[in-house]
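S.K.: A structural model of the following input is requested.
(one chain, ligands or ions: 1)
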Amino acid sequence: MSPERQRLIRLLFDEYIEMYAARDARLVTRFSDNFSGFAGSSDQLVKSRSDWVDVTLQDFAQVPGRIGIDVVDLFPQELSDDVVAVTAFFHIRLPIPDALFARETVRLVLVFRHEEGNWKIAHSSISIPYGLARDGEVYPVGRLQQRNLELEALVEERTQALAQANQRLQLISNTDGLTGIANRRHFDQTLAHEWARAQRAQTPLSLIMLDVDVFKHFNDHYGHLAGDACLQALALTLAQTGGRREGDLAARFGGEEFVVLLPASDAQAAMEVARQIQQAIQALALPHEGAPFGIVTVSFGVASLVPQRDQAPEELVRRADLAMYRAKQAGRNRIELAPD
Ligand SMILES: Nc1nc2c(ncn2[C@@H]2O[C@H](COP(=O)(O)OP(=O)(O)OP(=O)(O)O)[C@@H](O)[C@H]2O)c(=O)[nH]1
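M.R.: Next up, the predicted model:
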């Protein structure tokens, strides 16, 4: 290519860039009637001059202030006597704060055709690759894989947080608010579960039911808050003493009544657990003026059975409750075993 041609192509390119950077609407007069092109942000090939005018004016309206263009590389080509092309790489500095665009290298191909004494722009294609590809990659596979990993980590993190929240919720919904041990709901669920298991395996299932003696009197005498504290102390003792085997469950049944469920324990073992609880409560020696023994005591009903086909779990509760009633009748601070 002659140096003259080279200068001409450079001049055409510089003129274009200056008008484009200055957002000079007169640029549209340079477009050929026979135009094709595409813009960096579009996947449509524009095949009419008027559409390209619209694209250009929209571009200028969107970013009206002068933009900075720093040319990195440029390659002029002479395709024929009246057709020349230029391929260029440059950076664009927008007149607005921008972190993404500024780092990208823009590629532009312009084709100029000599028409009726003037050089017109016959083709313009601009592309902005958004710099995702690294280390000589053709496709940004590395970056995409990294993004996928980040996304997976995020999903994993959220899933764990959700599982933890569910666990907390489950714990709250299974826990008695005052005493912190299992609540009635949890007990009912566990009883149903253990009952079915014992029924299948034909193993004994035992229940200790306990009720604070003359507790109304305690509340009346020491106040309701002291009553609450007493129930908390008893629950703690129960959790520590009663049913320490895997699968045992100490729960607040309601009010001043508690239960201890003992899977795979027979009557003898359950009676032993009840005695241990009784001793531990006596060892607390919580003052209870007006109670038969001067300290807080508890009456126990113990029931044990191997669930039969025609029996329901309520049968175990009913029997323990009846036994406890008998313990009350017989003078309180006693353990009564339900008959078979
Ligand atoms: N402070 C407090 N008291 C409670 C709570 N739940 C139940 N009670 C009280 O427990 C008492 C139970 O009284 P009763 O059912 O008459 O029986 P009792 O006085 O314990 O007498 P016996 O069971 O026959 O030995 C009532 O005064 C209830 O108000 C609670 O969460 N906190």
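S.K.: residue 322 - nearest residue in space that isn't next to it in sequence?
M.R.: In this structure, residue 322 finds its nearest non-sequential neighbour in residue 338, 6.2 Å apart by CB to CB, 6 or more residues apart in numbering. Where you see a C-beta, it was placed from the backbone N, CA and C, and this is true even at glycine.
S.K.: what residues are up against the one you found?
M.R.: Residue 338 makes contact with 301, 302, 303, 304, 319, 320, 322, 323, according to CB atoms under 8 Å, 6 or more residues apart in numbering.
S.K.: pairing partners for the helix or strand hosting the second one, with directions?
M.R.: This means residue 302. Under the criterion DSSP states H and E, the helix or strand holding residue 302 is strand 298-305. Sheet pairing of strand 298-305 (DSSP bridges) gives strand 205-212 (antiparallel), strand 335-337 (parallel).
S.K.: quick one: it near the ligand?
M.R.: No. Strand 298-305 does not reach the ligand (CB under 6 Å from any ligand atom); its nearest approach is 6.6 Å.
S.K.: what mean pLDDT does the helix or strand following that strand have?
M.R.: Per DSSP H and E, strand 298-305 leads on to helix 314-329 as the next helix or strand towards the C-terminus. Average pLDDT, helix 314-329: 98.
S.K.: run the angle between helix 314-329 and strand 298-305 for me.
M.R.: Orientation check (axes from the mean of the first three to the mean of the last three CA atoms, to 10 degrees): helix 314-329 against strand 298-305 gives 150 degrees.
S.K.: what's the first helix or strand after the helix ranked longest in the chain?
M.R.: Criterion DSSP state H: the longest helix present in the chain is helix 141-174. Downstream of helix 141-174, the first helix or strand assigned by DSSP H and E is helix 184-201.
S.K.: report all helices and strands that that next one contacts.
M.R.: The contact analysis (3 or more CB pairs under 8 Å, 6 or more residues apart in numbering; DSSP states H and E) places helix 184-201 against helix 141-174, strand 205-212, strand 249-254, strand 257-263, helix 314-329.
S.K.: that older thread, what helices or strands is the longest helix of the chain leaning on?
M.R.: Checking 3+ CB pairs under 8 Å, 6+ apart, helix 141-174 ends up next to helix 184-201.
S.K.: report the buried residues of the longest helix of the chain.
M.R.: Of the residues in helix 141-174, residue 174 count as buried by neighbour count, 16 or more other CB atoms under 10 Å.
S.K.: now the strand holding residue 302 against helix 184-201, angle please.
M.R.: For strand 298-305 against helix 184-201, the angle by the same axes, to 10 degrees is 30 degrees.
S.K.: returning to that earlier point: from the contacts of residue 338, which is closest to residue 5?
M.R.: Sorting these by distance to residue 5 puts residue 320 at the head of the list, at 106.1 Å, by CB to CB.
S.K.: can you report how many residues lie near the closest one?
M.R.: 28 (other CB atoms under 10 Å).
S.K.: what do you get for residue 4?
M.R.: For residue 4, the neighbour count with other CB under 10 Å is 8.
S.K.: longest strand in the chain, by residue count?
M.R.: strand 68-80 (DSSP state E).
S.K.: what does it contact?
M.R.: Here strand 68-80 makes contact (CB under 8 Å, 6+ apart) with 1, 5-6, 9-10, 13, 17, 20-21, 84-93, 105, 111.
S.K.: stretch 276-284 too?
M.R.: So stretch 276-284 is contacted by 208, 210, 233-234, 237-238, 240-242, 260, 295-298, 300, 333, 335 (CB under 8 Å, 6+ apart).
S.K.: likewise stretch 148-167?
M.R.: Residues from elsewhere that reach stretch 148-167 (CB under 8 Å, 6+ apart): none.
S.K.: test my guess that residue 294 contacts residue 333.
M.R.: No. Look at residue 294 against residue 333 with CB atoms under 8 Å: they stay out of range, at 11.0 Å.
S.K.: more neighbours: which of the two?
M.R.: residue 333 (20 against 11).
S.K.: ok, the residue lying closest to the more buried one once chain neighbours are set aside - contacts?
M.R.: By the measure of CB to CB, 6+ apart, the closest residue to residue 333 outside its immediate chain neighbours is residue 297, 3.7 Å from it. By CB under 8 Å, 6+ apart, the contact list for residue 297 reads 212, 213, 281, 282, 288, 291, 332, 333.
S.K.: if you set the cut-off to 10 Å instead, what comes out?
M.R.: The contact partners of residue 297, by CB atoms under 10 Å, 6 or more residues apart in numbering, come to 212, 213, 214, 278, 281, 282, 286, 288, 291, 332, 333, 334.
S.K.: next: residue 263.
M.R.: The contact partners of residue 263, by CB under 10 Å, 6+ apart, come to 190-191, 193-195, 197-198, 201, 203-206, 243, 245-249.
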